[in-house]
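1. can't give you the sequence, but here's the structure:
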Ligand SMILES: Nc1ncnc2c1ncn2[C@@H]1O[C@H](COP(=O)(O)OP(=O)(O)OP(=O)(O)O)[C@@H](O)[C@H]1O
Ligand SMILES: [Mg+2]
């Protein structure tokens, strides 16, 4: 790993070697207890408790307005909390903001690139805010442009980038200080499928290098791909916590049978489906039947004389966990 | 000691050294200035140049136009000066005030609430005080350029009669500093744009009535006391003294007024820093 390099120099210099965060035991990177944020009378985050260990990849999963971004901003110390305890890399982000953020890479939900600067200068100047020397930032920005596949746009104006390119630049910018903890607020929003998979791959490699990832998302495939452990939040409270597999085991059945009877009939047939599965969820466009064996359930449905327009058996996902916990679907 | 640091460690080590206000200040205001300098290249030069022309146009219209009617007036220390030479220092003081107030209220408020720049800066290891001070410094730098240009115009028109007039440049920066610091403090209390409009609204009468265009002696003594409590009057007097090289204890008093105003403004700004930036 990182320490004990042979090519040590006399003065302090910045390492350009591929970076590896120093992994030390079960050290907590983040510890939140009763973390609360109220905007006036409205409580956006309502006393949540969670821990994130170093090197872990931790997810916040929840629908719009759940309080994910609010939580992320409190972690970065750019939003004060109303109550509760919060420690990030052992410090309080509210009273030690600059020092805490020196460890962090922040990718906000909304891109906030600097429109007055060119693409490459966006990366360099952002590094300057951390007090990093240009001698480090010039090669680093070239590397990050390569990562974001924006090398040929290096001298373009930010305004001239497409939405997905801006997103990639924002993500690359968050890596400029080689952070130990990376906060990603809905990182893949606006990215095409290929760029998404490239990003997941890259994030996975950062995780292997020991970087702690904190990701909010409302895509369950993203949560399942990226997160070792996650919390499901709704209306500012934690509904459940665990690894994706644990959550699915705990809150859903092994398989799900999806039936479509056409939007008119869906509601009518529900009464007849009662008792054919462990649990039934009726959505506007389809009915979900939860059971250990989807095919067997489908046979029982046919046996009852019901003939859906389409049927599909699939494995349970976090989407089903979410539906169970909140009575709502995650992506509308 | 030889060692190789990761970038994070480099930043962390720098920030681990003791410094005042560690929660809101990282000691890296320079980066904010650097960014301002980079961004100037893409800025709208029309706006920048208009900030120079405004006081010059006033000077020409009032000083020469009106001055033809007025003739000579009594300057500091009782010496007779042309009307243009009488109001020129007041124009410089007023333009320093206008620029500083605009930058520290409207401009900062807009960037805080609608712009994304501060948000991006504050998610790095910069603190809000670095950003606020950097922003004030940039405004002062612009004010400095305007002051130099205006003084050159004054000299060209023969309106600066003493070498002391060179001190009008630092004086303009000091006046701007006082207004910018207080402006930033006031902005931290503002919830909506309309509240800041009030400040802009107060500036025009302050310009018109702060003995800028005529001597304060035209007022009854109660009104004089009120005007003398306002900052612009001190700015105008300070500039007038320097323009003709009439330096007294009063000159120092006026400069002290702005030093105190700067200190007060920075204190309020620092205390209100979280309210201003961390929302
Ligand atoms: N500045 C603010 N003032 C008042 N209410 C706010 C403010 N910011 C957020 N909220 C409210 O707090 C709640 C949580 O917002 P937050 O942005 O954390 O949600 P989120 O989980 O990130 O949602 P999304 O998936 O849409 O990004 C929302 O109901 C929102 O309206
Ligand atoms: Mg959000």
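-> In hand now; what should we look at? Please read all numbers here as calculations on a predicted model, not as lab measurements. Numbering: from 1, shown residues only, chains lettered A, B, ... in the order given. Ligands and ions are numbered 1, 2, ... in the order given.
2. give me the low-pLDDT residue ranges for the stretch 1-150 of chain B?
-> Applying pLDDT under 70 to the stretch 1-150 of chain B flags residues B:1-4, B:44.
3. and the one residue in chain A that gets nearest to ligand 2, what does it touch?
-> Residue nearest to ligand 2 within chain A (CB to the ion): residue A:69, separated by 3.1 Å. C-beta coordinates here come from the backbone N, C-alpha and C atoms, glycine included. By CB atoms under 8 Å, 6 or more residues apart in numbering or on different chains, the residues touching residue A:69 are A:108-109, A:185, A:216.
4. Now do the same for residue 151: its pLDDT.
-> By default, I'm working from chain A. If you check residue A:151, the pLDDT there is 95.
5. meant chain B actually
-> Here the pLDDT value assigned to residue B:151 is 91.
6. before we move on, what about residue A:279?
-> On pLDDT, residue A:279 comes in at 89.
7. what's the answer for residue A:126, then?
-> 97.
8. what does residue A:28 give?
-> Note for residue A:28: predicted pLDDT of 90.
9. now the helix or strand harbouring the residue of chain A closest to ligand 2: mean pLDDT?
-> Applying DSSP states H and E as the criterion places residue A:69 in helix A:68-75. Averaged across helix A:68-75, the pLDDT comes to 95.
10. Could you list the buried residues of the next helix or strand after it?
-> Using DSSP H and E, the helix or strand that follows helix A:68-75 in sequence is strand A:83-88. For strand A:83-88, a neighbour-count test (16 or more other CB atoms under 10 Å in any protein chain shown) marks A:84, A:86-88 as buried.
11. And for stretch A:282-294?
-> Buried residues in stretch A:282-294, counted by 16+ other CB under 10 Å: A:286-291, A:294.
12. for stretch B:188-195, same thing?
-> Across stretch B:188-195, burial judged by 16+ other CB under 10 Å covers B:188, B:190.
13. Could you check how far the residue in the stretch 1-150 of chain B positioned nearest to ligand 1 is from residue A:147?
-> When scored by CB to the nearest ligand atom, the stretch 1-150 of chain B has residue B:113 as its residue closest to ligand 1, at 10.3 Å. For residue B:113, the distance to residue A:147 equals 33 Å [CB to CB, to the nearest Å].
14. on that earlier part again, could you list which of the buried residues of stretch A:282-294 belong to strands?
-> If you go by DSSP state E, the buried residues of stretch A:282-294 have A:287-291 in strands.
15. any chance you could map the helices in the stretch 1-150 of chain A?
-> Ranges of helices in the stretch 1-150 of chain A, per DSSP state H, counting those that start in this stretch, are A:68-75, A:97-101, A:119-129, A:134-147.
16. can you check the stretch 51-200 of chain B too?
-> Listed in chain order, the helices of the stretch 51-200 of chain B (DSSP H, counting those that start in this stretch) span B:67-70, B:83-102, B:108-113, B:117-122, B:128-156, B:168-187, B:193-209.
17. The stretch 151-300 of chain A now?
-> A:163-173, A:193-208, A:220-226, A:244-251, A:266-273, A:294-303.
18. Let me see the contact set for the closest residue to residue B:97 other than its chain neighbours.
-> Spatially, and ignoring its direct neighbours in sequence, residue B:97 is nearest to residue B:179 (5.0 Å; CB to CB, 6 or more residues apart in numbering or on different chains). Residue B:179 makes contacts with B:96-97, B:100-101, B:104, B:231, B:261, as judged by CB under 8 Å, 6+ apart.
19. returning to that earlier point: CSV for the buried residues of stretch A:282-294, including pLDDT and distance to residue B:203?
-> Listed next are the buried residues of stretch A:282-294 as CSV, based on pLDDT from 0 to 100; distance: CB to CB, whole Å:
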residue, pLDDT, distance to residue B:203
A:286, 87, 64
A:287, 89, 67
A:288, 91, 65
A:289, 90, 70
A:290, 92, 68
A:291, 90, 74
A:294, 89, 73
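20. Farthest-apart pair in those, please.
-> Greatest spatial distance among these (CB to CB): A:286 and A:291, at 15.7 Å.
21. hmm, back to that, if you count what's nearby, which of residue B:113 and residue A:147 comes out ahead?
-> residue A:147 (16 against 13; other CB atoms under 10 Å in any protein chain shown).
22. shouldn't that one be in contact with residue A:202?
-> Yes - Residue A:147 is within contact range of residue A:202, at 6.7 Å (criterion: CB atoms under 8 Å).
23. give me the number of residues near residue 53?
-> Going with chain A. Number of residues near residue A:53 (other CB under 10 Å) recorded here: 17.
24. Let me rephrase: I mean chain B.
-> 12.
25. Report the separation between it and chain A.
-> According to CB to the nearest CB, to the nearest Å, residue B:53 and chain A sit 24 Å apart.
26. neighbours of residue A:182, just the number please.
-> Counted with other CB under 10 Å, residue A:182 comes out at 24.
27. what residues are up against it?
-> Contacts of residue A:182 by CB under 8 Å, 6+ apart are A:104-105, A:107, A:174-175, A:203, A:206, A:211-214.
28. what subset of those is also close to chain B?
-> Among those, the ones lying near chain B by CB under 8 Å from any CB of the partner chain are residue A:104.
29. Need the max-distance pair from the contacts of residue A:182.
-> Across the contacts of residue A:182, the longest distance by CB to CB is 15.2 Å; it joins A:104 and A:203.
30. Settle it for me: which of the two has more neighbours?
-> residue A:104 (26 against 22).
31. partners of that one in the sheet?
-> residue A:181 (DSSP bridges).
32. now it: how far from ligand 1?
-> Distance, residue A:104 to ligand 1, by CB to the nearest ligand atom, to the nearest Å: 18 Å.
33. count of neighbours near residue 227?
-> In the absence of a named chain, chain A is used. Residue A:227, neighbours per other CB under 10 Å, totals 22.
34. oops, chain B please
-> 16.
35. Point me to the helix or strand that includes it.
-> Counting by DSSP H and E, residue B:227 is part of helix B:221-229.
36. in that helix, what counts as buried?
-> Per 16+ other CB under 10 Å, helix B:221-229 contains these buried residues: residue B:227.
37. quick check: angle from it to helix B:193-209?
-> Interaxial angle, helix B:221-229 versus helix B:193-209 (axes from the mean of the first three to the mean of the last three CA atoms, to 10 degrees): 120 degrees.
38. What are the contacting residues of helix B:221-229?
-> By CB under 8 Å, 6+ apart, the surrounding residues in contact with helix B:221-229 are B:209-211, B:216-217, B:219, B:233-234.
39. Next step: those residues restricted to strands.
-> Using DSSP E, the subset of these located in strands is empty.
40. quick one on the thing from earlier: is it possible to get JSON lines of the buried residues of strand A:83-88 that adds distance to chain B and pLDDT?
-> Formatted as JSON lines, the buried residues of strand A:83-88 follow (distance: CB to the nearest CB, whole Å; pLDDT from 0 to 100):
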{"residue": "A:84", "distance to chain B": "16", "pLDDT": "95"}
{"residue": "A:86", "distance to chain B": "14", "pLDDT": "96"}
{"residue": "A:87", "distance to chain B": "14", "pLDDT": "95"}
{"residue": "A:88", "distance to chain B": "13", "pLDDT": "95"}
